[in-house]
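A.B. asks: predicted model follows, preceded by the sequence.
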Amino acid sequence: MSLASVWIAFVFLILFACHPSSGQRISRIHSIKEGPAQKLKESKSAQFLLPVREKLGYFPPECSRISPNSDQDLLISCHGGQFQQSSGLRQPCRTHADCYNSREPYEWCPLEEDYLWTDWGCHCDPKIGSCIIERHFKTLSSLEWTFCTPTREFRCRSPINDP
C-alpha cells in the first residue's frame, strides 16, 4: 500500500467521523470569562451557522411563563429573573438587534465572583420591552436582570482601584 493511499484513507476516515450524520455532535466550549460582546461579535460574523448558534446559546431562549402573577410584574424578566437596580438605562426595543450596541452597566463590570453571565448578553426582553442583560447568582441559584448601558456610555471599573 502506498503512502498516498494511506493518506487518502486517513483523510476519508477523519471526514466520515466528523460528519454530522455519523452521530457525533460538534460543539463549542465557552469560557466563563468570555463576555457577551465577544459572543455577539462571533454570532454576527457567522450568519451561515444560524441553527448551530441557536443551540450554542447565542440567542435568549423563548420566554417562559413562571407564574400567572409574574405576567404583570415588570420586575421579573420573561425568563424569571429578578430586577437589580443599576446605572443601566431603559432602552425601548422590538428585536434583539436593537440591543447590539449595548453593554452591561458599570456595577456589573467586571463580573463578581459569585456570578456567571448568561450566554446571550444584552437582548430585547419582550415582556419588559427594553434591552436587558441577565446573570446567574451562583450562591442562591437565581437569575437577575438589569437594564443595559449604551456602548457610548459604557465604562468598566478596575477590580483593584474602584470598589
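C.D. replies: Sure, I can see it. Numbering: from 1, shown residues only.
A.B. asks: can you give me the buried ones in the longest strand anywhere in the chain?
C.D. replies: Looking only at the chain and at elements set by DSSP state E, the strand with the highest residue count is strand 130-137. Neighbour counts over strand 130-137 (16 or more other CB atoms under 10 Å) mark 130, 131, 132, 133, 134, 135, 136, 137 as buried. (Glycine included, C-beta is placed from N, CA and C.)
A.B. asks: where's the nearest residue to residue 127 once chain neighbours are set aside, which helix or strand?
C.D. replies: Spatially, and ignoring its direct neighbours in sequence, residue 127 is nearest to residue 78 (3.9 Å; CB to CB, 6 or more residues apart in numbering). Under DSSP states H and E, no helix or strand contains residue 78.
A.B. asks: residue 78: what's it in contact with?
C.D. replies: Residues in contact with residue 78 (CB atoms under 8 Å, 6 or more residues apart in numbering) are 63, 64, 125, 126, 127, 128.
A.B. asks: what do you get for residue 105?
C.D. replies: 86, 87, 88, 133, 146, 147, 148, 149.
A.B. asks: contact partners for residue 153?
C.D. replies: residue 89.
A.B. asks: what score does it have for pLDDT?
C.D. replies: We have a pLDDT of 91 for residue 153.
A.B. asks: what separation is there between it and residue 106?
C.D. replies: Residue 153 sits 9 Å away from residue 106, going by CB to CB, to the nearest Å.
A.B. asks: can you find the helix or strand of the protein with the lowest average pLDDT?
C.D. replies: Lowest on mean pLDDT, DSSP states H and E among the helices and strands of the chain sits helix 50-56, with a mean of 40.
A.B. asks: pLDDT of whichever helix or strand comes after it, averaged?
C.D. replies: As assigned by DSSP H and E, the chain's next helix or strand after helix 50-56 is strand 82-83. Average pLDDT, strand 82-83: 95.
A.B. asks: for the protein, which spans come out with low pLDDT?
C.D. replies: Applying pLDDT under 70 to the chain flags residues 1-61, 64-71, 159-163.
A.B. asks: repeat the analysis, applying 90 as the threshold.
C.D. replies: When residues are selected by pLDDT under 90, those of the chain lie in 1-76, 78-80, 111, 119-120, 141, 156-163.
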